[in-house]
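Asks: Provided below for reference: sequence and predicted model.
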Amino acid sequence: MKNIDNNSNTAVFSQRRIGKTALIKHVFFLLKKKQSTIYLDIFPTLSLKEFSNTLATAIYREFPIHKSAGKKFMDFIKLLRPTIKINALSGEPELMLDISQPDQIEKSIPQLFSFLDQQQKKVVIAIDEFQQILSYPEKNVEAFLRTIIKNLHNISFIFLGSDSKLMIEIFNSAKRPFYGSTNFMVLNKIPKEEYISYIMNSFVAAGVDMDVKVPEVILNLTCTHTYYTQRLCHEIFADRFLFITEKDVVNTLYKLIQQNEAIYFQYRNLLTKAQWNTLKAIAAEKTVYQPYSQNFIKKYDLGSTSTLKRNFEALVDKALIYQNLAVEEPYYEVEDKFLMHWLQSD
């Protein structure tokens, strides 16, 4: 909030499903009365053209056509021949721009940002999974976007990402266009003591009592990861226990694991034997601080260092493991905590 008030841009990164999106939506709720807020998730986008359409759709949803600003927006982009369609999966309206040539794309994105920059109210834009721009086929995407953004005066940007390595490269490398353009914020896991209190109070408020050790057991099993903690707690609550024991928590966890077992077998079939063994070794350790140490390699018979490096890179690329670089001692861990327990019991 302070960065927004000071017209500073912010780069936020954390592990997937820790709560970045929920945090931004809460911030937008607080800002809504005095500022316009635009949220776009570009993870599904594969090019600048798709980025343009996603941005246009996000603007259209903030400024719907039945409002005066929405009518101005449609008139502002009429040369791009916008068409509205309904997303078959979400049922939400989407805006499609008639752009196919590179020069059209290069003009469309500045036009869209220009419209926002001309609004009377300040605009805050959150771009989720910003590191996705690195996969676009067009050249110099970072420089192209940075050139546009640095000339805007009425917009604050929040760049969110779940790949800490790529986000650090984009914003912290002196050779990159976005270097020095943002303030950093690392979204860490909720402190364990605070989470224990929250879990206990939430269940008690719903009329459910529990053994005093239960919240800590839940957090130990989920490694204090927001999504898996919420999922496990939801499943426990759905079972309608009047009094929750440690055994109830463990049984519920393994019920969830069994529900996902078919997916886990698919993972195994998609990985090489060496990659699968590496994944199992990481699960057994929970956190791996020195992945190429001889102790780790020999303990799990993981082959040569060069092969192991390729396996780690493949598992990170497939989002099966996460490399946390935003700490004093970087480490690797299995992304899916339920998968981690399944691997430990395999």
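Replies: Sure, I can see it. Just so you know, these numbers come straight off a predicted model, no measurement behind them.

Asks: what pLDDT does Leu134 get?
Replies: Per-residue confidence (pLDDT) for Leu134: 97.

Asks: who's in contact with it?
Replies: Applying CB atoms under 8 Å, 6 or more residues apart in numbering to Leu134 gives the contacts Val141, Glu142, Leu166, Ile170. In short, each C-beta sits where N, CA and C put it, glycine included.

Asks: please redo it, this time with the cut-off set to 7 Å
Replies: Leu166 (CB atoms under 7 Å, 6 or more residues apart in numbering).

Asks: again, but for the one 3 residues further on
Replies: Pro137 makes contact with Ser47 under the criterion CB under 7 Å, 6+ apart.

Asks: Distance-wise, check it relative to Ala281.
Replies: Distance, Pro137 to Ala281, by CB to CB, to the nearest Å: 36 Å.

Asks: try Glu142
Replies: Applying CB to CB to Glu142 and Ala281 gives a distance of 36 Å.

Asks: go on, Phe63?
Replies: Taken as CB to CB, the span from Phe63 to Ala281 is 51 Å.

Asks: If you tally nearby residues, what's the number for Val204?
Replies: 11 (other CB atoms under 10 Å).

Asks: and the helix or strand containing it, what does it pack onto?
Replies: Using DSSP states H and E, the element containing Val204 is helix 192-205. Packing partners of helix 192-205 (3 or more CB pairs under 7 Å, 6 or more residues apart in numbering; DSSP states H and E): helix 214-222.

Asks: Check which element follows the helix it packs on along the chain.
Replies: helix 226-238.

Asks: got the CA positions of that following helix in PDB?
Replies: Extracted C-alpha coordinates of helix 226-238, given in PDB (Å, rounded to 0.1, in the frame of the first residue of the first chain):
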ATOM      1  CA  THR A 226      -1.200 -22.000   2.600                       C
ATOM      2  CA  TYR A 227      -3.000 -24.000   0.000                       C
ATOM      3  CA  TYR A 228      -2.300 -27.500   1.400                       C
ATOM      4  CA  THR A 229      -3.200 -26.300   4.900                       C
ATOM      5  CA  GLN A 230      -6.500 -24.900   3.800                       C
ATOM      6  CA  ARG A 231      -7.200 -28.000   1.800                       C
ATOM      7  CA  LEU A 232      -6.500 -30.300   4.700                       C
ATOM      8  CA  CYS A 233      -8.500 -28.200   7.100                       C
ATOM      9  CA  HIS A 234     -11.400 -28.000   4.700                       C
ATOM     10  CA  GLU A 235     -11.500 -31.800   4.400                       C
ATOM     11  CA  ILE A 236     -11.300 -32.200   8.200                       C
ATOM     12  CA  PHE A 237     -14.200 -29.800   8.700                       C
ATOM     13  CA  ALA A 238     -16.200 -31.500   6.000                       C
END
